[in-house]
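Colleague: let's see this in three dimensions:
(chains A and B)
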There are 2 protein chains.
Amino acid sequence: MIVCKFGGTSVASAEQIQKVAAIVKANPARKIVAVSAPGKRSGDDIKVTDLLIELANAALKNEQVEEKIQNVVNRFQAIAEGLHLDNSICDVIAEDLRERVQGDQTNEELFIDSIKAAGEDNNAKLIAAYFTSIGMPARYVSPKSGLVVNDLPERTFALPEAYENLAVLKETKEIIVFPGFFGYTKAGVLRTFDRGGSDITGSILAAAVEAELYENFTDVDCVFSANPKVVNDPVEIKEITYREMRELSYAGFSVFHDEALMPVYKIGVPVNIKNTNNPSAPGTRIVARRPATGRPVTGISADSGFSTLYVSKYLMNREVGFGRRLLQILEDENISYEHTPSGLDDISVIMRSHQLTPENETRIIERVKNELQAEHVEMRHGFSMIVIVGEGMRHNTGLAARAATAISQTGANIEMINQGSSEVSLVFGVLQEYENQILQALYKEFFAHA
Amino acid sequence: MIVCKFGGTSVASAEQIQKVAAIVKANPARKIVAVSAPGKRSGDDIKVTDLLIELANAALKNEQVEEKIQNVVNRFQAIAEGLHLDNSICDVIAEDLRERVQGDQTNEELFIDSIKAAGEDNNAKLIAAYFTSIGMPARYVSPKSGLVVNDLPERTFALPEAYENLAVLKETKEIIVFPGFFGYTKAGVLRTFDRGGSDITGSILAAAVEAELYENFTDVDCVFSANPKVVNDPVEIKEITYREMRELSYAGFSVFHDEALMPVYKIGVPVNIKNTNNPSAPGTRIVARRPATGRPVTGISADSGFSTLYVSKYLMNREVGFGRRLLQILEDENISYEHTPSGLDDISVIMRSHQLTPENETRIIERVKNELQAEHVEMRHGFSMIVIVGEGMRHNTGLAARAATAISQTGANIEMINQGSSEVSLVFGVLQEYENQILQALYKEFFAHA
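Modeller: A predicted model of the protein is given here:
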C-alpha cells in the first residue's frame, strides 16, 4: 500500500486535480491520499488557507463575513465546475463555513484553527467526490475518525493511539481521501499542525498503515543538493537518508517539512518526493540507508537569521554546572538554541534571532551577568549558518580542511565551526553577508570537482 | 614591590637556596618570597612532600613513624648544613613533625593536609633564617596571619578577606618568606591548595599587596610554544596574555598552574616566569594585553585522556531543555565537561576520562536513555584534544583551513572541531594515537613557516 500526499499547488485547480487522479489511477497500490487546501494557481494567486485566515480574523472582529465566505466558496466552485461536479457540493461547503464561523470563539487560536482547517477538509470531500465521479471509488475520511492529537498549550502532535486508530485504513477497498493539516483532541477539539502540516498527516497515515512507500507530491522534480536560487543548476539528489534530510532541513531545504519525517522515520517507511506536474521523474527518495556514492557530501544548506550569546568568565570550565545554568536561563525564556561552541573560558550559544526581543535579550544578559558572575556577556546578531551534510563525510579525511579552505578563499572569516563526533554534518557560522558567496564556493568544491 | 615564588627544584638543596638568595638580593624590590617544599635534586630523588605523604599514611595506619620523620628531617638537615645554619633548626623541625603526627585524625584529608604542609612551612622558616644569617634581614610569616580559606567540602580557595589581611605585608621592611601551598580556615584548620599550590600562594600575595610584578621562578627558561618533548626546539614565548596562557593550560602546558593565574589576572599584575638556574634569561611574561606579533598563533597544546558521550535523538533540537537536562545528568555525577559540539540531532559531550568509572558510565548512559528517550547513547574513549591558541587568530582568515589541512595531511581524521566566537582558540579532537604527529604538523604549519 502506498500513501500519497498532494501539496497545495497539486490541488490548486481542476486541471491539477485531474493530474492527481491520473497519478492515483496509474498505480492501484495508491490507496490513501492526503490532500492540502487549494494553493496558488499562479504567482499572484491567494491560497485558500490565507482566504480562510482573513475570514477567521473578520469573524473575530465581528466584521461582515459573507463576502469572505464567498471568496472561499468561489475557489471551490471553480474547481468543482472544472471537474464537472454537481454544484451542490459548493452549497455544502458554504454551509460548512457558516457553521465554523458560528463556532466557539473563547480560545482565538482554536477558533482560527477550526476555520483554517476548512480548506483541507472541504478539498478532501470534493476530491473524493471527483474520484468517484470518474469511476475511481473513493471515500472521504475525517481526522475525527482517529487522528487524535494532544491538548493545548503544547504544539500539536499525534498521540500514540492515533496510529492504532488509523491502522484500520489498511483494510480499505476504496481509495481514501484524507484532509491534511489537522486532527482532533480527545475532547473533540480541532487543532492544526504547524507549517507543512499536510506532510505530517501523510506521514502519520503512512506510519499507521505501515505503507510500503510514502509518496509526497509537490511541484518540484526533486530535492537539490543546494539552493537553486543561489547555486546554478545544482545536482539532483536521487537518494538521501532520513538523517541527511533532517540535517539539511536545518536551513533552506524547505521542500519537505522536517517534523513530517518523524513518523515514517520511526518505522522505516521510505519517502519519495515527486512532482505532480512531472510524475515520471524519479524524484528524491528518503531512506534509512543508502549505498555509498562517490561523493562524501550529499547537500549543502544555508540559512541566515542567527544570533550568538557570547559569555566569558575566567576559569569557567572549572565550574561544574556553568553551562547547564546558562542553558537554564535561555530555557526560562523559552528559547531554543542550535549549538554551543566553547573555548575554555568562553561559550557561545547560537540561536535563531526571531526568538529574541529587546526585552528578553536584556533579561538574559542581566541574568547571565548576575547569576553566573560572567565577566563579559554580549548578544551578537547577523550570522548565517552553513551546513555541509553527507553520510560519506564520517570517514573522509580532509573534508573539514577542504571546506574551510573553500570558505577562506572567499575572503570571509569563519566565526564558528561545529563538528560533532557524528560527522554527518559540519556547520560553519559566518557573517550573513557572505552566505551566498560561501554556499557557491562550497558547492563548487564538493560538487563541481567531484 | 615584587612578589617572587620559588618552586620545588629551586629550593631543593643548599646550593639552590643560595641561588634564590642571590636572586632576591639582586633586586631590592623583591620583598616577598613564597617558597615550595624542597623538590627533587636529581631525577631519581624523592620530593619532601612525597616523604610527608608517606609519613601521613603510616600515621593513619598506626605504623612506626619515627624513621619516616627522620627521612624528612635528614633532607632539611642536609640543606641546613650546606647553608651553615645552626643545627638546632632541625630539632625544631623534628618537633614540629611529631606534633603534627599527634594531630586530629578524625578527617583523614585534613590530617594529611596538615602533614603535607610541613614541607613548605619548615622550608620557609629555614630560608628566612638563612637570609638573615647572610645579612638579608628576613622574617617567616605564617599563612595563619591572614591567608583565610574556605571550609570543606569545596576545593580550597582563598576567601576575599585573605586579600585584605595580607595587604599589610605591603609595609614590610624585612624580606618576608611565606610558605606556599596552604592556608587556614576561619576556625584555624589547615587546608592545602590543589596541585601547583605554591603558585597560587604567590599569586594571592602578589594580588594582596598589588605587586608591580609576580615573578614565578622555576627550572625552565620560559614557556615554549609547544611541548619540547614532542616538537624539536620550539619557539620560546616572550609575552603571552592571561587568556592565551589559560587556553594553553588546557593541555600539556604545566609550567604554571592555571588556577594560580586567577588572583593576578583579576587586578592585572603581570607575571614573569623565570629560571632560578638562569636568572638573566628574560623568561616569559604573562600580561593582560600584548602588542600583535607577526604570528597569529602563540602556542599549541595537546593532551590525551578524553572521552565523548555521544547522544542522538531525532528532532532533538526542537526540544527546549534537552541539552540542559543532559548536562544536569553529568552534573549529578559531579562530572565536568570541556566541549559540547552538536549537529541537529546529535550532541557530543567531551570530558576528561579520569572522571569516569564503569559504574557512573553505566548510570549516565541509562539515565540519558530513559529520561531523555535518546535513540543512541554511547561513551567513546581514547581521544586527544589539540588546542591552537593566539590573540591574533581572531581576524586571521583562513587559519582554520590551514590547521585542518595540516592535520589531514598526517592522515588523521578530525573527530571534532570546536571554534567559538571568541576565536582565541581552536580545538580539534582526534584519536589519541595521532596526537604527537598532529602537534608536530601544526607546529610546522604555524611556526616553521611563519
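
Colleague: tell me the phi and psi of the residue nearest to A:I273 when sequence neighbours are not counted?
Modeller: Distance criterion CB to CB, 6 or more residues apart in numbering or on different chains; nearest residue to A:I273, sequence neighbours excluded, is A:T284 at 4.6 Å. In short, each C-beta sits where N, CA and C put it, glycine included. Note on A:T284: its backbone torsions stand at phi -110, psi 130 [degrees, to the nearest 10].

Colleague: any idea how far A:T284 lies from A:G268?
Modeller: Distance from A:T284 to A:G268, counting by CB to CB, to the nearest Å: 17 Å.

Colleague: do A:V387 as well
Modeller: A:V387 sits 24 Å away from A:G268, going by CB to CB.

Colleague: and A:V424, by the same measure?
Modeller: Separation of A:V424 from A:G268 (CB to CB) stands at 18 Å.

Colleague: more neighbours, A:V387 and A:G268?
Modeller: Each of A:V387 and A:G268 has its neighbours counted (other CB atoms under 10 Å in any protein chain shown); A:V387 has more, 24 against 12.

Colleague: off-centre distance for the helix or strand hosting that one?
Modeller: For A:V387, the host element (DSSP states H and E) is strand A:376-389. Distance of strand A:376-389 from its chain centroid, counting by CA atoms, centre = their mean, to the nearest Å, is 22 Å.

Colleague: would you mind pulling up the elements that that strand packs against?
Modeller: helix A:242-248, strand A:299-312, strand A:346-352, helix A:358-371, helix A:399-408, strand A:425-431, helix A:435-443 (3 or more CB pairs under 8 Å, 6 or more residues apart in numbering or on different chains; DSSP states H and E).

Colleague: so that strand versus helix A:435-443, what angle?
Modeller: Interaxial angle, strand A:376-389 versus helix A:435-443 (axes from the mean of the first three to the mean of the last three CA atoms, to 10 degrees): 40 degrees.

Colleague: dead centre of chain A: give me the residue that sits there.
Modeller: For chain A, the residue nearest the mean C-alpha position is A:H257 (2.0 Å; CA atoms, centre = their mean).

Colleague: pretty sure it is touching A:I200, no?
Modeller: Yes: between A:H257 and A:I200 there is a contact at 6.8 Å, judged by CB atoms under 8 Å.

Colleague: identify the contacts common to these two.
Modeller: A:D194 (CB atoms under 8 Å, 6 or more residues apart in numbering or on different chains).

Colleague: neighbours around A:N396, how many?
Modeller: Using other CB under 10 Å, A:N396 has 16 other residues around it.

Colleague: distance-wise, check it relative to chain B.
Modeller: Using CB to the nearest CB, to the nearest Å, we find A:N396 at a distance of 8 Å from chain B.

Colleague: could you list the low-pLDDT ranges of chain A?
Modeller: A:195-196, A:250-255, A:421-423, A:449-450 (pLDDT under 70).

Colleague: show me how it divides into domains.
Modeller: Chain A breaks down by automatic domain parsing into domains covering A:2-219, A:299-448.

Colleague: what's around the closest residue to A:Q64 other than its chain neighbours, how many residues?
Modeller: Leaving aside its sequence neighbours, A:Q64 sits nearest to A:A58 (CB to CB, 6+ apart; 6.9 Å). A:A58: 18 surrounding residues under other CB under 10 Å.

Colleague: what helix or strand is A:A58 on?
Modeller: According to DSSP H and E, A:A58 maps onto helix A:48-60.

Colleague: output the contacting helices and strands for that helix.
Modeller: Applying 3+ CB pairs under 8 Å, 6+ apart, one finds that helix A:48-60 makes contact with helix A:66-82, helix A:88-101, helix A:108-116, helix A:118-133.

Colleague: compare the ones you listed and give me the one nearest chain B.
Modeller: If you check each of the helices and strands packed on helix A:48-60 against chain B by CB to the nearest CB, helix A:108-116 wins as the nearest, at 19.3 Å.

Colleague: okay, the angle between the helix holding A:A58 and helix A:88-101?
Modeller: Using the same axes, to 10 degrees: helix A:48-60 against helix A:88-101 is 40 degrees.

Colleague: buried stuff in helix A:48-60?
Modeller: A:V48, A:T49, A:L51, A:L52, A:I53, A:E54, A:L55, A:A56, A:A58, A:A59 (16 or more other CB atoms under 10 Å in any protein chain shown).

Colleague: please tell me how far the third one sits from A:K144.
Modeller: Here A:L51 is placed at a distance of 23 Å from A:K144 (CB to CB).

Colleague: check the second one too.
Modeller: Applying CB to CB, the value for A:T49 to A:K144 is 20 Å.

Colleague: related to what we said a few turns ago, the strand holding A:V387 to helix A:358-371, inter-axis angle?
Modeller: 110 degrees.

Colleague: mind listing what strand A:376-389 pairs with, with the direction of each?
Modeller: strand A:299-312 (antiparallel), strand A:425-431 (antiparallel) (DSSP bridges).

Colleague: compute the inter-axis angle for the shortest one and helix A:399-408.
Modeller: For strand A:425-431 against helix A:399-408, the angle by the same axes, to 10 degrees is 20 degrees.

Colleague: ok, residues contacting strand A:425-431?
Modeller: Contacts for strand A:425-431 (CB under 8 Å, 6+ apart): A:247, A:306, A:308, A:339, A:341, A:350, A:382-389, A:393, A:399-400, A:403-404, A:407, A:412-419, A:438, B:343-344, B:417, B:421.

Colleague: repeat the analysis, applying 7 Å as the threshold.
Modeller: Strand A:425-431 has contacts (CB atoms under 7 Å, 6 or more residues apart in numbering or on different chains) with A:247, A:339, A:350, A:382-389, A:393, A:400, A:403, A:407, A:412, A:414-419, A:438, B:343.

Colleague: what of stretch A:237-247?
Modeller: Residues outside stretch A:237-247 that contact it (CB under 7 Å, 6+ apart): A:222-225, A:256, A:258, A:261, A:265, A:282, A:284-290, A:298-299, A:387, A:389-391, A:424-425, B:314, B:343-345.

Colleague: that one: which residues count as buried?
Modeller: Going by 16+ other CB under 10 Å, stretch A:237-247 has these buried residues: A:I237, A:E239, A:I240, A:T241, A:Y242, A:R243, A:E244, A:M245, A:R246, A:E247.
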